[in-house]
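Asker: how would this look folded up:
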Amino acid sequence: MASLLKDPLFETSGMAPAPNRTYCYLTITKSEVIWRWWKISLRAVDRLAGPGEVKLSHQEMLEDKQLQGEITTVFGQDVLDHAKTLCQGHFNYLEHLSDALLLHILGFLELEDVGQLLRTSRQFWKLCQSEEYWENAVQQRCSTLPDEVVALARDIGWRRIFFTNKIQLQLLIHRHRVKLQEALEEEERELQTATSETSPEDKSSSPKPEKSSISPSEQRSSNTLSLDSDNSFSGSYTDLSLSSDDGPKGSLENFFKDLEEVQLAQSNKAEIKSEDGDFQSKSKGHRETLSLEFKASFQSLDSKLDGVEASIKEHGVRVRSLEENADSFEQCLTYVEDKCRTLQQDNHSLREKVADLEGRSRRQNIRIVGLPENIEGPRPTAFFSQRLAEVFDENVLPTPPEIDRAHRTAGAKPALGAKLRPVILRLHRFQVKDLIICSLVKSLSLLHSHQRWGRGNRPWDNH
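Answerer: Numbering: from 1, shown residues only. Predicted coordinates:
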């Protein structure tokens, strides 16, 4: 593939934007980058300045930020990106293929792919719009091409031939044939006018017709037979006795023979006339029959077309009503979607609020697990307030805490030996709950009267 690359790989020229009037030229070869410039200015300092040139390798060009800035200023960012791509060794080999090879490759693509390909670059746009490509496309899809089609394609283009159906193609061929015939007739008329406008000298120099070598006596001695317009026999037989060697008898026999032939010709002509009359009458009858049949068929077609037109109008009305209904349904659906979106947002915010309220309502709760059933007695708030004051020392709870509610979790009373229901205590003050939790964290085992709350002997077993 490297052999397809030709030097230079890329070259362009241009003038720097105002007020700088410097002509610049960029060339990228396989081994180096050439940057030339010629500064043009009215200043006296720059009048003697000549053109300049810089040659860099590909790697040096990628590292030279100043040169990249100048290329961007003069040619734009797209040219700089393309130059960097070439310097990095990323070559587009398709651009270096010959047009014949690219046309051969395009012959294997579908029309949809060709339509997408011509949008990629200017080169492919030219190739896909060229007459060579469309000629190859027509030849691939047609086994043989008449000469008239080839001549028509040279006038209107192969692309139009490719996208023309058979009926339109026949019409175009007929018009092309008529046009050629008119052109030939025009040329013949021009030649005739040119020959008629020749000088009188040319006419005088033309050879005169030769006189007939037949003498008048020989012309008079010829015998003629003719049929006039009234189918009558007219003949002039001159010098019958003198011109014939057989005498009067032979001349009369010849005369009667000729007369029979004339009568036979007249009868044949009459028969032909009668046959022509029969043929004309029959053709007239067939013509009338065909005209009646055509009229009847056209009337049936008109009636059918009227029915089709009415059905099309009805379908049009239905389609319009369906479109209107679809528009109204779409509006309703949009309104419902907006409402659902609003309700969803409100539901999310309310759920967050409920979760926050639920969390806040549980901030003052304490859950105690493992207490026997009915240990709290009829007044659970007073019982648990007194027990908490006894469990914690005076530094934590100097007085019995105030408890708003004390109850066990919902559920049936467990059987003997089953899992006990926990107790929920709601303290009146959040600070007291924090003191109890902090004290429990510091001391993992709590003692009351030198006994543990948990397994073993419990102080409430006797209650």
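
Asker: Beyond the lengthiest helix in the chain, next helix or strand please.
Answerer: Taking DSSP state H as the criterion, the chain has its longest helix at helix 248-361. Using DSSP states H and E, the helix or strand that follows helix 248-361 in sequence is strand 365-368.

Asker: what helices or strands is the helix or strand that that following strand is followed by leaning on?
Answerer: As assigned by DSSP H and E, the chain's next helix or strand after strand 365-368 is helix 380-391. Helices and strands touching helix 380-391, by 3 or more C-beta pairs under 8 Å, 6 or more residues apart in numbering; DSSP states H and E, are strand 403-408, strand 423-427. (C-beta placed from N, C-alpha, C; glycine too.)

Asker: returning to what we had before: as a whole number, average confidence for the longest helix of the chain?
Answerer: Averaged over helix 248-361, pLDDT sits at 81.

Asker: May I see the helices and strands packed on helix 380-391 arranged in CSV, with mean pLDDT as well?
Answerer: Shown next, in CSV, are the helices and strands packed on helix 380-391 (pLDDT from 0 to 100):
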stretch, mean pLDDT
strand 403-408, 89
strand 423-427, 90
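
Asker: Comparing these, which comes out most buried?
Answerer: strand 423-427 (a mean of 19; mean count of other C-beta atoms under 10 Å).

Asker: which other helices and strands contact the longest helix of the chain?
Answerer: Counting by 3+ C-beta pairs under 8 Å, 6+ apart, helix 248-361 packs on strand 224-227, strand 233-236, helix 240-243.

Asker: Quick check: which of the helices and strands packed on helix 380-391 is nearest to residue 116?
Answerer: The closest of the helices and strands packed on helix 380-391 to residue 116 is strand 423-427. By C-beta to C-beta, the value is 71.8 Å.

Asker: could I have that closest one exported to PDB, CA atoms only?
Answerer: Taking Å, rounded to 0.1, in the frame of the first residue of the first chain, the C-alpha atoms of strand 423-427 are listed here in PDB:
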ATOM      1  CA  VAL A 423     -40.800  -3.000  74.900                       C
ATOM      2  CA  ILE A 424     -40.900   0.400  73.300                       C
ATOM      3  CA  LEU A 425     -40.400   3.400  75.600                       C
ATOM      4  CA  ARG A 426     -41.000   7.000  74.500                       C
ATOM      5  CA  LEU A 427     -39.200   9.500  76.700                       C
END
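
Asker: Excluding its own residues, what touches it? List them.
Answerer: Strand 423-427 is touched from outside by 364-369, 371, 376, 380, 384, 401-409, 433, 436, with contacts defined as C-beta atoms under 8 Å, 6 or more residues apart in numbering.

Asker: at 7 Å what do you get?
Answerer: 364-368, 371, 384, 401, 403-409, 433 (C-beta atoms under 7 Å, 6 or more residues apart in numbering).

Asker: Could you identify the most distant pair in those?
Answerer: 401 and 409 (20.9 Å).

Asker: Same drill for the two, tell me which one is more crowded.
Answerer: Neighbours were counted for residue 401 and for residue 409 using other C-beta atoms under 10 Å; residue 401 has more, 21 against 9.

Asker: Sticking with that one, tell me its helix or strand.
Answerer: Short version: residue 401 belongs to no helix or strand, going by DSSP H and E.

Asker: Tell me if I'm right that it and residue 384 touch.
Answerer: No. Residue 401 is beyond contact range of residue 384, at 8.8 Å (criterion: C-beta atoms under 7 Å).
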